[in-house]
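[1] Compute the structure for the input listed below.
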Amino acid sequence: MNKNKRYDVLLWDVDGTLLNFLKSEHFALTDTLSKYGLPATDEIVKVYSGINRKCWEKLERGEVTKSWVLVHRFEELFEYLHVTDVDVKAFQQHYQYMLGSVFYFQDDSKELLEKLKKDFKQYIVTNGVEDTQRRKLKLSGITDLVDDIFISECIGYEKPNPMFFEGCMKGIEKDLGTVPSKDRILIIGDSLTSDMKGGNQFGIRCCYYKKDGETKTESGKETPGVYGNTAESETEIDGIKLDYRIGNLWEVEQILWQNPQIRN
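    Numbers count the residues shown, from 1 in each chain. Down below sits the predicted model:
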């Protein structure tokens with residue numbers, strides 16, 4: 001049966017999209033803080049999460065390097081905690097290991113990938129630390145459900161830099177034997193500043209995922225429109241065009257075909 005597909009290639013973000021990063025972050029940070037005899041409260045995790053997000057946004061803007069981000073976020077946290085006697089690099093290494101040792105699916109994402117696998121080429125696109133990402137993608141079973149994994153460390157550029165996507169296209173061309181048309185590619189992600197901006201700059205269609213109940217963007221602004229509306233409204237947030245907006249990952253099925261497929 002011809003499903004009249006709108007897209008052939010799906011680019012999936014990982015953290016905050018397929019997997020619940022905040023839960024993994026909470027687990028890894030509380031474990032690491034406890035290991036070093038430091039308080040591991042929800043409030044401290046919240047403070048760290050804000051610091052971490054701002055550091056990664058600086059990386060996305062090209063202002064800092066990833067190695068700076070990985071260490072500086074904990075330097076800033078230790079300053080907040082008035083901690084001076086902990087080896088920051090050792091702390092970072094333990095945290096990073098724990099972060100790659102646990103995963104939490106969002107919206108039954110594994111089942112969604114399994115369902116879409118037979119009809120679409122699916123690829124992971126992530127700025128995360130290579131070892132961490134590869135371990136948790138393997139543990140979660142996602143590695144076996146996608147056609148390739150593209151990590152910024154390996155490509156040499158971070159999302160949203162168009163060169164990151166150029167690197168992805170080289171890998172996809174090698175996989176498919178041809179370069180897919182940009183209008184047949186859809187990126188799905190939760191970040192305006194990396195996924196959506198990157199898709200805009202590279203010229204592919206963008207599906208912005210903000211989990212049901214979450215209404216604010218990274219900048220703290222309320223997102224316009226009603227989630228679950230998959231019409232091509234061409235909404236813009238902070239100058240970034242959104243072709244689609246979804247509040248549950250399974251809503252992407254209504255986007256992928258001319259005749260929307262409803263989840264069984």
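
[2] CA only for contacts and neighbour counts going forward, please
    Fine.

[3] counting contacts, what elements does the lowest-mean-pLDDT helix or strand in the chain pack onto?
    Least confident helix or strand of the chain, by mean pLDDT, DSSP states H and E, is strand 235-237 with a mean of 88. In terms of contact count using 3 or more C-alpha pairs under 8 Å, 6 or more residues apart in numbering; DSSP states H and E, strand 235-237 is assigned the packing partners strand 240-242.

[4] The least confident helix or strand of the chain: partners in the sheet, and parallel or antiparallel?
    strand 240-242 (antiparallel) (DSSP bridges).

[5] Pull out the buried positions in the least confident helix or strand of the chain.
    The neighbour-count check on strand 235-237 (16 or more other C-alpha atoms under 10 Å) flags residue 235 as buried.

[6] Please apply the same query to stretch 247-261.
    Applying 16+ other C-alpha under 10 Å to stretch 247-261 flags 247, 248, 249, 250, 251, 252, 253, 254, 255, 256, 257 as buried.

[7] Tell me how far the second one lies from residue 63.
    Read it as residue 248. 33 Å (C-alpha to C-alpha, to the nearest Å).

[8] now swap in the third one and tell me
    Taking C-alpha to C-alpha as the criterion, residue 249 is separated from residue 63 by 32 Å.

[9] And for the fourth one?
    Distance of residue 250 to residue 63, computed by C-alpha to C-alpha: 35 Å.

[10] related to what we said a few turns ago, out of the buried residues of stretch 247-261, who's nearest residue 239?
    For these, the residue nearest residue 239 by C-alpha to C-alpha is residue 247; the value is 20.7 Å.

[11] That closest one reaches residue 211, doesn't it?
    Yes: using C-alpha atoms under 8 Å, residue 247 is in contact with residue 211, at 4.5 Å.
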